[in-house]
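S.K.: Just a sequence and a predicted model for now, questions to come.
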Amino acid sequence: MENESTYRFRNRLEVLMPIDKPSIADDGAKYWLADWEWFIPLDDAEERFASRQRVRAGIGYRRNFNWRFEALYIWTRSRDTLDSGFSTNENIIDIRVKRVF
Amino acid sequence: MPIAALLLCAAGASAQTTTQLWANLTIDWVKSDRLVYELDLEPKVLIAGPEGQPAWRNLDVTPNVEYSLKPWLDLVGDVTVGRTMQTDDVDSTEVTPRIGARFHLFSRRAILHAREQAPQRRIVVRELVRFESRNFF
């Protein structure tokens, strides 16, 4: 495989909302989360509008300060140029565990 | 009009769809309510893909540091080092450094006797912007 380097800009807008507690920072809180991220190549003018978009949605659980869990569905689509349609779709299940010290 | 409809259908049908399973194990070291070090381990595997394309599995390791400059602004930096192995033996290594900022729309407040900041509002809205340099070998 040939070596390859590219530069990219990423922007993600996130929304989180607690389900059963006043705040997502409360111990025992379950929460909904959703975000939308888009990726824009920077170093090729022809591919400037070539883009990837990613949407994530799921549920999280903060057991306590030390343990947090999330389960997400992620949908990603990509295209090579502005004129072409989105040619790649990805359906992803993401299981996340965070241990905080 | 019928031709346009057929072309649109063809474009949709030619889109390649994959199904993947990812996992994340993240370890955080909270040094203070402003500074956090993080190590993320992320294995990924292709469950289903277009016919003829090789199967693959991947492991990304990402050390990360986040510094809370203001209650509404975090500075973030990380480097992803990843290895992808495909069934056609075309394997690759990725090294991707990133820098960026996270903006907290409704800001946050320090929690007394705690090493974290809590959101000011029930609903949390934030924006993460990053620049990255992707390098594949």
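M.R.: Ah, there it is.
S.K.: helices or strands up against the strand or helix carrying B:Val45?
M.R.: Assessed by DSSP states H and E, B:Val45 sits inside strand B:35-48. Contacting strand B:35-48 under the criterion 3 or more Cβ pairs under 8 Å, 6 or more residues apart in numbering or on different chains; DSSP states H and E are the following elements: strand B:16-30, strand B:56-70. Any C-beta I mention is one placed from the backbone N, CA and C, and that applies to glycine too.
S.K.: buried sites along the first one?
M.R.: Going back to what we said before, that points to strand B:16-30. Applying a neighbour-count criterion of 16 or more other Cβ atoms under 10 Å in any protein chain shown, one finds B:18, B:20, B:22, B:24, B:26, B:28, B:30 buried in strand B:16-30.
S.K.: which one is the first one nearest to, not counting chain neighbours?
M.R.: When you say that, I think you mean B:Thr18. B:Gly49 (4.4 Å; Cβ to Cβ, 6 or more residues apart in numbering or on different chains).
S.K.: which stretches of the chain have low pLDDT?
M.R.: All of this refers to chain A. Where chain A drops to pLDDT under 70, the residues are A:1-2, A:44-50, A:80-86.
S.K.: that's the other chain; I wanted chain B
M.R.: Using pLDDT under 70, the flagged stretches of chain B are B:1-15, B:111-114.
S.K.: go with 50
M.R.: Applying pLDDT under 50 to chain B picks out residues B:1-13.
S.K.: what's the angle between the strand holding B:Val45 and strand B:56-70?
M.R.: 150 degrees (axes from the mean of the first three to the mean of the last three Cα atoms, to 10 degrees).
S.K.: Quickly run through the sheet partners of strand B:35-48, with directions.
M.R.: Strand pairing for strand B:35-48, using DSSP bridges, gives strand B:16-30 (antiparallel), strand B:56-70 (antiparallel).
S.K.: Next one: stretch A:62-73, is it in contact with chain B?
M.R.: Yes. Contact of stretch A:62-73 with chain B (Cβ under 8 Å from any Cβ of the partner chain) involves A:Phe65.
S.K.: and that stretch, how far apart are its ends?
M.R.: Counting by Cα to Cα, to the nearest Å, you get 18 Å between the two ends of stretch A:62-73.
S.K.: ok, residues contacting it?
M.R.: A:24-31, A:33, A:56-61, A:91-101, B:114, B:116 (Cβ atoms under 8 Å, 6 or more residues apart in numbering or on different chains).
S.K.: Many thanks, we can stop here.
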